[in-house]
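# here's my sequence, what's the structure:
(chains A and B)
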Amino acid sequence: MSGVRVLVGTRKGAFILTADGKRDRWEVSGPHFAGWEIYHIKGSPAEPNRLYASQTSGWFGQIIQRSDDGGKTWIQPGTKPGEPTTTPEGMPMGESNKFVYDTSPETGKPLTTHQFYDGTAHPWEFKRVWHLEPSLTDPDTVYAGVEDAALFRSTDGGQSWHELAGLRGHGTGPHWQPGAGGMCLHTIILDPSDPKRIFIAISAAGAFRTDDGGVTWKPINRGLFSQYIPDPTAEVGHCVHHVAMNPSRPGVLFMQKHWDVMRSDDAGDNWREVSGNLPTDFGFVIDVHAHEPETIYVVPIKSDSEHYVHDAKMTVYRSRTGGNEWEALTKGLPQSNCYVNVLRDAMSVDSLDPCGVYFGTTGGQVYASADAGDGWTAIVRDLPPVLSVEAQILE
Amino acid sequence: MVRVVLPYHLRNLAKVADEVHVEVDGPVTIRSVLDALEKSYPMLRGTIRDHVTGKRRPFLRFFACQEDLSHGSYDESLPEAVATGAEPLLVLGAIAGG
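Numbers count the residues shown, from 1 in each chain, chains lettered A, B, ... in the order given. Next up is the predicted model:
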């Protein structure tokens, strides 16, 4: 029988939750990397036991961890203990926690400044990896979205990282500015129908797309309206919180913007609002049903001043019409005195039938639905604040 | 032999239980001690000093012999007691959070 593994990153370590295909009895392992912030863990679609994790700390910086056995053991891929640290020629070996912005003129127009909170020009400074996106086909290739916003790629299993500098270099970079959580590249979507097409999103610059494997990029923000920036329809500057896609329809994208739930039917070239009857259209997460590409999920958050769920009730909203018409899903979720948030990478779906849906909260709960959202149970309730949730199927 | 005491999370990362001992060729300075430490424990690269600039990470401090050595030059000689192994070099994480 198939099983499910849910990879949970939290403020104080990683947890791995596993169940069989019925998804009613869960085993919890962890904390892995206890005490460290785990922004994201994700498995390779090509080799599910190959996991990548972003381990970070305000004190000690960025560490990349890799597991080749589904999370039982971990290594830092560029710095294996006991192995030589230099090549025979004396050059430093790959160092997996080293993210250095590209400055070579051959790879684009590398930028040295972006806008800071006060409007001044500020140099790009690496802080952490927010999101790791393994290749759909090659277990050794993985992308990293980082703060300050840039996209890196490793093709050697995470041993060394190189920036795809054309993103920062495409022209608008000096106008990007941080959102409240920092200037982070938090969303990476690989198009299964076109290996050269990648979508990314940055807070607060907006969404971008490459059609040539990351050499050149274009902003894809037409139709977004953000009243908190001087020109509400500007080409960049929008605080996109998350973007989701169903692999069977890679041209259709759904977005949770700071405010507004949006939809694009042309790979991001144009967007329209589909917030419809949501009680509030502020939020962070958005995801798409694994088998029904018109069924989408959001968790409305009261406002950008009050980062907790609407009306003190934990409610997932589901639309079966690709937006505009939303139904509240509450069965099994707390319906009073609930003041938690669900962060942008903290929702995921599995591809079993019925589709499983998972999300984690800043209160440390991880909720699961084995029936596409009709009913929910808490797998665990008292973890550290949850930063990310990723589900994968085990054959 | 130079003794180095690491903060809890770096001891875990390096998989060492207690203080670390490193051999330093030439003058015993913060730079030569960190070079020796990172050579023996490459997983610590980037965690104490920045990969690119080489600067001490902001929330870390270097103490030895009741002195804060964090703001001096990397190339100043460390106290004799550190060089002889009588006293350790302490790498401390700032106390923060709540």
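
# would you confirm that A:H131 contacts A:I188?
Yes: with contact taken as CB atoms under 8 Å, A:H131 and A:I188 are classed as touching, separated by 5.7 Å. To be clear about C-beta, it is placed using only N, CA and C from the backbone, and glycine gets the same treatment.

# what's the overlap in contacts for those two?
When contacts are counted by CB atoms under 8 Å, 6 or more residues apart in numbering or on different chains, A:H131 and A:I188 are jointly contacted by A:G145.

# need the residues of chain B near chain A, please.
Of all the residues in chain B, those in contact range of chain A (CB under 8 Å from any CB of the partner chain) are B:7-10, B:12-13, B:15, B:38-39, B:41-43, B:45-48, B:50-52, B:57, B:59-60, B:93-94, B:96.

# which of the residues you listed fall in helices?
Where the residues of chain B next to chain A overlap with helices, as defined by DSSP state H, the overlap consists of B:Y8, B:H9, B:L10, B:N12, B:L13, B:E38, B:K39.

# nearest to A:E27, of those residues?
Of all these, the one sitting nearest A:E27 is B:N12; the distance, using CB to CB, is 23.8 Å.

# which residues touch residue 23?
Looking at chain A here, since you left the chain open. Shown here is A:R23, whose contacts under the criterion CB under 8 Å, 6+ apart are A:V4, A:L352, A:G356, A:A368, A:A370.

# wrong chain, I was asking about chain B
Under the criterion of CB under 8 Å, 6+ apart, the contact list for B:E23 reads B:M1, B:V2, B:A36.

# ok, now how distant is A:I63 from chain B?
Counting by CB to the nearest CB, to the nearest Å, the separation of A:I63 from chain B is 7 Å.

# leaving aside the residues next to it on the chain, what's closest to that residue?
With sequence-adjacent residues excluded and distances taken as CB to CB, 6 or more residues apart in numbering or on different chains, A:I63 is closest to A:Q55, at 4.1 Å.

# just give me the neighbour total for the one you found.
28 (other CB atoms under 10 Å in any protein chain shown).

# A strand includes B:L34, no?
No: counting by DSSP: H, G, I helix; E, B strand; the rest coil, B:L34 is not found in a strand; it is helix.

# let me see the confidence value for it.
Listed pLDDT for B:L34 reads 95.

# same check, this time on A:N97
pLDDT, read off for A:N97, is 86.

# that older thread, may I have the residues that are in contact with the residue nearest to A:I63?
With contacts taken as CB under 8 Å, 6+ apart, A:Q55 has the following neighbours: A:A14, A:F33, A:W36, A:E37, A:I38, A:Q62, A:I63, A:I64, A:Q65.

# just checking, which of these belong to strands?
With strands taken from DSSP state E, the overlap with the contacts of A:Q55 comprises A:A14, A:E37, A:I38, A:Q62, A:I63, A:I64, A:Q65.

# mind putting those into CSV with pLDDT and neighbour count?
Below are these laid out as CSV (pLDDT from 0 to 100; neighbours: other CB atoms under 10 Å in any protein chain shown):
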residue, pLDDT, neighbour count
A:A14, 98, 29
A:E37, 97, 20
A:I38, 98, 29
A:Q62, 93, 24
A:I63, 93, 26
A:I64, 94, 28
A:Q65, 94, 23
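
# and these, which two are furthest apart?
The largest separation in those, counting by CB to CB, is between A:A14 and A:Q62 at 15.0 Å.
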